[in-house]
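Peer 1: this is a predicted model, with the sequence first.
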Amino acid sequence: MGKLIILSGPSCAGKGPLYSSLRKFYPDLAGRLRKCVLYNSRSPRPGETDGEDYHFRKREKIEALRENNDYLVLEVRTDLQAMDIRELTKMLQNGDVFFEGNPFVVFELLKAGIKDNIKTLKIFLSPLEKNEIQELKEIGVCIEDFIADVMRRKLLRRTSRHKGLLGLKDLENIETRASSAFREMQMAHIFDAVLPNHDGEDSENWDAFYYPIADARKTLKSFAELLENGISEESEKWPADLLGSIK
């Protein structure tokens, strides 16, 4: 039985470019992983491929999967997503599997007992370092509002780069994702390792040059170390009380 490698974090934290960079610069490591592809009700973003990034389906098609016990179906921010649990189990019988997803999906997977039957390596990508959060708390900053502000700016940059002028639905979607980030980061303590990364999906540091630079480079190297050895000096372990309990 293989190991399930889980990469999670808030929307726009950099999960997509991190995995793409792993495939480009660490092809041997990436080649060991088979990707678990979820169903998603949203439209593909530029550069995304149906069947590779997600199975993009209409919401009603995914909603119908609730009738099948082999699927885990969840409302994630503004999207409806589904995972084929039986397919995941089959994939794990043939080696390690990579799953990139929302922390709420990971939480439900763990609650369903998937960790009881298979080995997992759970990695959380955070837009802030533990020390930054601690310092902000010490000076009386509202962490929930601060995180929402950080992610709102990142999401605005990413969406503007993809779409140009933004409509009301785009702005509402951004607000939903930014507002959800704090609750998602409250789950970081259940992960084996937290990788702080200031270069989210809005950052050019992933692909403006031949090789990632700044935090993108550091995060990529740490991710590769975790996959290879299970440890990285740059990773953090967060205490449960860093951001409080999920409400």
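Peer 2: Cool, the structure landed.

Peer 1: just the residues contacting the helix or strand bottoming out on mean pLDDT in the chain, thanks.
Peer 2: For the chain, scoring each helix and strand by mean pLDDT, DSSP states H and E identifies helix 114-117 as the least confident one, at a mean of 72. Residues from elsewhere that reach helix 114-117 (Cβ atoms under 8 Å, 6 or more residues apart in numbering): 4, 85, 109, 120. Where you see a C-beta, it was placed from the backbone N, CA and C, and this is true even at glycine.

Peer 1: which one of the residues you listed is nearest Glu172?
Peer 2: Leu109 (27.9 Å; Cβ to Cβ).

Peer 1: so for the closest one, what's the pLDDT?
Peer 2: The predicted local distance difference test score for Leu109 is 81.

Peer 1: element containing it, please.
Peer 2: Leu109 belongs to helix 103-111 when assigned by DSSP states H and E.

Peer 1: hmm, back to that, turn the contacts of helix 114-117 into CSV, including secondary structure, neighbour count and distance to Val141.
Peer 2: As requested, the contacts of helix 114-117 are exported to CSV (DSSP: H, G, I helix; E, B strand; the rest coil; neighbours: other Cβ atoms under 10 Å; distance: Cβ to Cβ, whole Å):
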residue, secondary structure, neighbour count, distance to Val141
Leu4, strand, 23, 36
Ile85, helix, 17, 40
Leu109, helix, 22, 32
Thr120, strand, 17, 33
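
Peer 1: which one among those gets closest to Pro103?
Peer 2: Among those, Leu109 lies closest to Pro103 (Cβ to Cβ), at 10.4 Å.

Peer 1: just the CA coordinates for the longest helix seen in the chain, please, in PDB.
Peer 2: For the chain, the helix that runs over the most residues, judged by DSSP state H, is helix 143-163. Presented in PDB, the C-alpha positions along helix 143-163 are these (Å, rounded to 0.1, in the frame of the first residue of the first chain):
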ATOM      1  CA  ILE A 143      -5.500  38.000  12.900                       C
ATOM      2  CA  GLU A 144      -8.700  36.900  11.100                       C
ATOM      3  CA  ASP A 145      -9.000  40.300   9.400                       C
ATOM      4  CA  PHE A 146      -5.300  40.500   8.700                       C
ATOM      5  CA  ILE A 147      -5.300  37.100   6.900                       C
ATOM      6  CA  ALA A 148      -8.400  38.000   4.900                       C
ATOM      7  CA  ASP A 149      -6.600  41.300   3.800                       C
ATOM      8  CA  VAL A 150      -3.500  39.400   2.800                       C
ATOM      9  CA  MET A 151      -5.400  36.700   0.800                       C
ATOM     10  CA  ARG A 152      -7.800  39.300  -0.700                       C
ATOM     11  CA  ARG A 153      -4.900  41.100  -2.300                       C
ATOM     12  CA  LYS A 154      -3.400  37.900  -3.600                       C
ATOM     13  CA  LEU A 155      -6.700  36.700  -5.000                       C
ATOM     14  CA  LEU A 156      -7.400  40.100  -6.700                       C
ATOM     15  CA  ARG A 157      -3.900  40.000  -8.400                       C
ATOM     16  CA  ARG A 158      -4.400  36.400  -9.500                       C
ATOM     17  CA  THR A 159      -7.900  36.800 -10.800                       C
ATOM     18  CA  SER A 160      -7.100  40.100 -12.600                       C
ATOM     19  CA  ARG A 161      -4.100  38.500 -14.300                       C
ATOM     20  CA  HIS A 162      -6.400  35.700 -15.500                       C
ATOM     21  CA  LYS A 163      -9.400  37.700 -16.500                       C
END
